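K.L.:
Need the 3D shape of this:
(one chain, ligands or ions: 2)
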Amino acid sequence: MPLSLTTEVRMIKGVGPNRAELLAKRGIYTVDDLLHYLPFRYEDRIHFSNIRDIKPDGIYTIRARVMSGQAVRTMRGRDAIYHLLVQDPTGQLPCKFFHGSYLEGRLKQGQLLVLHGKAEIDKMRPARIEMVNPQIELLSSVDHSLAAHEADRTAAQEEIDSTEVGRIVPIYEAIGTFGSRSIRRTIYTALQTLDPRMLDVLPEDLRARLGYPSRFQALAQTHFPAAEESVDALNEFRSPAQQRLIFEEFFLYQLSLALDRRAARKENAIAFRLREENIREALKRILPFKPTAAQKRVLAEIAADLEKPAPMNRLLQGDVGSGKTIVALQAAVVAIENACQAALMAPTEILAVQHFLSARRILERGGYRVELLISGLKSAEKSTALDRIRSGEAQLVIGTHALIEDNVEFSRLGFVAIDEQHRFGVLQRKRLMDKAAAHGRAPHVLVLTATPIPRTLSLTLYGDLDVSVLDELPPGRTPIETHLTSEPHLPGVWNSIRLLVATTVVEVGVDVPNATVMVIEHAERFGLSQLHQLRGRIGRGAQKSHCVLVGPARMTDEARARLETMVRTSNGFEIAETDLELRGPGEFFGTRQSGDFGFHIASPLRDRELLEQARREAFAIADSPSQKIALDRILRGLPPEWQRRYHLAKVG
Ligand code: ADP
Ligand code: MG
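P.N.:
Ligands and ions are numbered 1, 2, ... in the order given. This next block holds a predicted model:
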């Protein structure tokens, strides 16, 4: 009986209970899961390098036989360096394996190996070239003759399994004791016995237009590429088969965002009136300063959304200090003037209180009533606040998570702003929106973030939101001067400030216009974007501000390079790009969020172009009525695992 994608892995020949258990720990249960465990690297084992041709610093794959091997204990006793000598018909090559005791007794004289690694000059004997800790794979066939003549090699090769040499070979990350070679073998067996007539989630015409292979071909060729493929292209994930799999992941993810957005648009929101003279007057009256051109532009974008009967879903991106708060307050005033309530949710009590104080100061001029709701309130205060929110007396409610608790009822919530969104999950955003659904209308939503997210990633993360950018700082700021110094100089630094020492008070988002000096100890432990946020707490007034970054006495080159980025620039987007490149998207967002994407092969950073293409194609299908049949077919054809992964179960 042929395997199907939903067959459990233990049905594959060679997968016993132990291996099935190892795979299960990695979330691999079915043949489909296994086929998405992709090689991280490929080796050209058609054209092996000759030992004779090896030069220092080159990376080579060679096939050679074991001449001798020996573990030598180091002085410290515990561990050993394994010294291996191999030969091919053109020469001999010494190899060293640190922590190599595991190799003892495993490598027999005459054993055929594939070695992959970088050639280096032996520091003790500069005339000699060696490989240190090369990757090593034992070939199945053991030929005990040491005379590695051509005739022997051909004979040996015929015995050798076709997954090991004579092709471009996929290399997998080991799963516990389940090594690369056995994984390869298992996937090979699975592909041999798999029914190739599998459903293809990409519509036929789309696939033809983009020139992608079928799903089965893409999987088969990603694991076992044809001999003509370029190994370099494969290692950069640029082969047509890999590109198709990457596209597919982005496509389904974007499709789920597109369907979310479509569903949101079908909901009714209250179309605000805001052209009336009294509303324009009200907006002007609350402004404590002249808005920047960027603030005016963004407010116009928001206003255009608010006038529509479909709910706004907008992300407002703006560097620290760019003045997002006043824009959110203006939108709140529009809601209030339209007889609705507005809510502003902040991630911490400190921020909520600060927003409350400044909102009250600004909005009292217009006679608006502002309410604070945080869990730190006394219970009498809290129940009064809840009453005022329920009756509609509270017009703007500012708070923390306390806002989304079950006991909070609004009278007529029409506008929601969420500050520093990256601290909240999508679910929390939705729960606050549901507070408005109680009276049958979805609220207009504005999400504020100071994390300058490179465009690619904001598409991935917030693909269901429209984006506005505040790319201009209010006037009158003096640029912050940033200095990099090391721990031994710290006493001098402290002497020069003696101001005030703050720890958590300096929250992201806190606004203290007359703070002018900041010292950050152990600066090397922070992410650059985090440092940028912290530094954004100073330099908000007209006086010159200084930021001192203190690193350890001995800093790695990498740490120094990162911190010097902070000295060089104060452009949040530039810093974010650098941070992202140095740390990767997982670290950048915290693992939970990047894990949520559930991508196996796609990388938003590396595959930016495919992401944008997939987004265009997915939104075109989701948004066009004439594509309804194609859309239904995609959704019906999705295996359950994919429905879960991309939350695509909801048929539009
Ligand atoms: P963020 O975008 O980091 O949330 P805030 O909204 O806290 O920034 O604004 C930072 C500071 O700049 C506040 O003190 C605010 O009053 C001030 N501000 C905002 N817009 C302007 C402007 N157009 N002109 C002058 N000062 C402004
Ligand atoms: Mg802010």
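
K.L.:
so where is the stretch 51-200 of the chain shaky, pLDDT-wise?
P.N.:
Residues of the stretch 51-200 of the chain meeting the criterion pLDDT under 70: 75-78, 140-162.

K.L.:
same check, this time on the stretch 451-600 of the chain
P.N.:
Along the stretch 451-600 of the chain, the model assigns pLDDT under 70 to residues 452-456, 461-462, 498, 500-511, 513, 583-598.

K.L.:
One more pass at 50, please.
P.N.:
503-505, 589-595 (pLDDT under 50).

K.L.:
Residue 88 and ligand 1: what is the separation?
P.N.:
Using CB to the nearest ligand atom, to the nearest Å, residue 88 is found at 63 Å from ligand 1. The C-beta positions use only the backbone N, C-alpha and C, and glycine is treated the same way.

K.L.:
Test my guess that that residue contacts residue 51.
P.N.:
Yes - Residue 88 lies in contact with residue 51 (CB atoms under 8 Å); the separation is 5.0 Å.

K.L.:
tell me the secondary structure for the nearest residue in space to residue 301 that is not next to it in sequence?
P.N.:
Nearest residue to residue 301 in three dimensions, chain neighbours excluded: residue 468, at 4.9 Å (CB to CB, 6 or more residues apart in numbering). Classification of residue 468 using DSSP: H, G, I helix; E, B strand; the rest coil returns strand.

K.L.:
between residue 88 and residue 51, what contacts are shared?
P.N.:
Taking CB atoms under 8 Å, 6 or more residues apart in numbering as the contact rule, residue 88 and residue 51 both touch 62, 64.

K.L.:
Could you check how many residues crowd around residue 370?
P.N.:
Counted with other CB atoms under 10 Å, residues neighbouring residue 370 total 23.

K.L.:
Over to residue 533?
P.N.:
Number of residues near residue 533 (other CB under 10 Å) recorded here: 23.

K.L.:
I figured it hits residue 420, correct?
P.N.:
No - using CB under 8 Å, residue 533 is not in contact with residue 420, being 9.4 Å away.

K.L.:
quick one: residue 96 is in a strand?
P.N.:
Yes - assignment of residue 96 by three-state DSSP places it within a strand.

K.L.:
How much space separates it from residue 54?
P.N.:
15 Å (CB to CB, to the nearest Å).

K.L.:
next one: residue 232
P.N.:
Taking CB to CB, one finds residue 232 at 19 Å from residue 54.

K.L.:
Looking at the two, which one has more neighbours?
P.N.:
Neighbours per residue (other CB under 10 Å) separate residue 232 from residue 54, with residue 54 holding more: 17 against 11.

K.L.:
Give me the nearest residue to that one, chain neighbours excluded.
P.N.:
In this structure, residue 54 finds its nearest non-sequential neighbour in residue 119, 4.8 Å apart by CB to CB, 6+ apart.

K.L.:
which one's the longest helix in the protein?
P.N.:
In the chain, assigned by DSSP state H, the helix with the most residues is helix 240-266.

K.L.:
angle of it against strand 466-470?
P.N.:
Interaxial angle, helix 240-266 versus strand 466-470 (axes from the mean of the first three to the mean of the last three CA atoms, to 10 degrees): 90 degrees.

K.L.:
I'd like the next helix or strand past helix 240-266.
P.N.:
Note on helix 240-266: by DSSP states H and E, the next helix or strand toward the C-terminus is helix 277-286.

K.L.:
That next one near ligand 1 anywhere?
P.N.:
No - using CB under 6 Å from any ligand atom, helix 277-286 stays clear of ligand 1, with a minimum separation of 12.0 Å.

K.L.:
wait, doesn't residue 270 sit right on residue 340?
P.N.:
Yes - between residue 270 and residue 340 there is a contact at 6.3 Å, judged by CB under 8 Å.

K.L.:
tally of neighbours for the closest residue to residue 196 other than its chain neighbours?
P.N.:
Nearest residue to residue 196, sequence neighbours excluded (CB to CB, 6+ apart): residue 216, at 4.5 Å. Close neighbours of residue 216, defined as other CB under 10 Å, add up to 18.

K.L.:
starting at the chain centroid, how far to the helix or strand hosting residue 216?
P.N.:
In this assignment (DSSP H and E), residue 216 forms part of helix 215-223. Put simply, helix 215-223 sits 25 Å off its chain's centre (CA atoms, centre = their mean, to the nearest Å).

K.L.:
Equivalent analysis for stretch 215-227, please.
P.N.:
26 Å.

K.L.:
neighbouring contacts of that stretch?
P.N.:
35, 38-39, 42, 46, 163, 167-168, 170, 184, 187-188, 191, 194, 196-202, 212-213, 229, 234, 239-242, 244-245, 248, 601.

K.L.:
Following the chain onward from the strand ranked longest in the chain, which element is next?
P.N.:
In the chain, with assignment by DSSP state E, the single longest strand is strand 59-73. Using DSSP H and E, the next helix or strand after strand 59-73 towards the C-terminus is strand 80-88.

K.L.:
Quick check: can you name the pairing partners of that next one and their directions?
P.N.:
Counting by DSSP bridges, the strands paired with strand 80-88 are strand 59-73 (antiparallel), strand 91-97 (antiparallel).

K.L.:
coming back round to it: count the neighbours of the residue nearest to residue 301 for me.
P.N.:
22.

K.L.:
rewinding a little: how much space between the residue nearest to residue 196 and ligand 1?
P.N.:
Taken as CB to the nearest ligand atom, the span from residue 216 to ligand 1 is 50 Å.

K.L.:
related to what we said a few turns ago, CA atoms of the longest strand of the chain as CSV?
P.N.:
Extracted in CSV, the C-alpha atoms of strand 59-73 (Å, rounded to 0.1, in the frame of the first residue of the first chain):
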residue,chain,number,x,y,z
ILE,A,59,35.8,24.4,1.9
TYR,A,60,35.9,20.9,0.4
THR,A,61,34.0,17.7,0.2
ILE,A,62,36.3,14.7,-0.2
ARG,A,63,35.8,11.0,-0.3
ALA,A,64,38.6,9.1,1.4
ARG,A,65,39.5,6.0,3.4
VAL,A,66,40.6,5.8,6.9
MET,A,67,44.4,5.0,7.4
SER,A,68,44.6,5.5,11.1
GLY,A,69,42.8,7.0,14.0
GLN,A,70,43.6,7.7,17.6
ALA,A,71,42.2,9.5,20.5
VAL,A,72,44.7,11.5,22.5
ARG,A,73,43.7,12.7,26.0
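
K.L.:
Near ligand 1, which residues of this protein are found?
P.N.:
Residues of the chain lying near ligand 1 (CB under 6 Å from any ligand atom): 289-292, 295, 318, 320-326, 450, 474, 509, 511, 513, 540.

K.L.:
at 8 Å instead, please
P.N.:
Proximity of the chain to ligand 1, by CB under 8 Å from any ligand atom, involves residues 288-292, 295, 318-327, 358, 419, 448, 450, 470, 474-476, 509, 511, 513, 536, 540.

K.L.:
among those, which ones are buried?
P.N.:
Listed as buried from the residues of the chain next to ligand 1 are 291-292, 295, 318-327, 358, 419, 448, 450, 470, 474, 509, 511, 536, 540; burial here means 16 or more other CB atoms under 10 Å.

K.L.:
Show me these that map onto helices.
P.N.:
Using DSSP H, those in helices are 295, 324, 325, 326, 327, 358.

K.L.:
Those residues into a markdown table, with extra columns for pLDDT and distance to residue 127?
P.N.:
Shown next, in a markdown table, are those (pLDDT from 0 to 100; distance: CB to CB, whole Å):
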| residue | pLDDT | distance to residue 127 |
| --- | --- | --- |
| 295 | 96 | 69 |
| 324 | 94 | 65 |
| 325 | 93 | 69 |
| 326 | 94 | 71 |
| 327 | 96 | 69 |
| 358 | 91 | 73 |
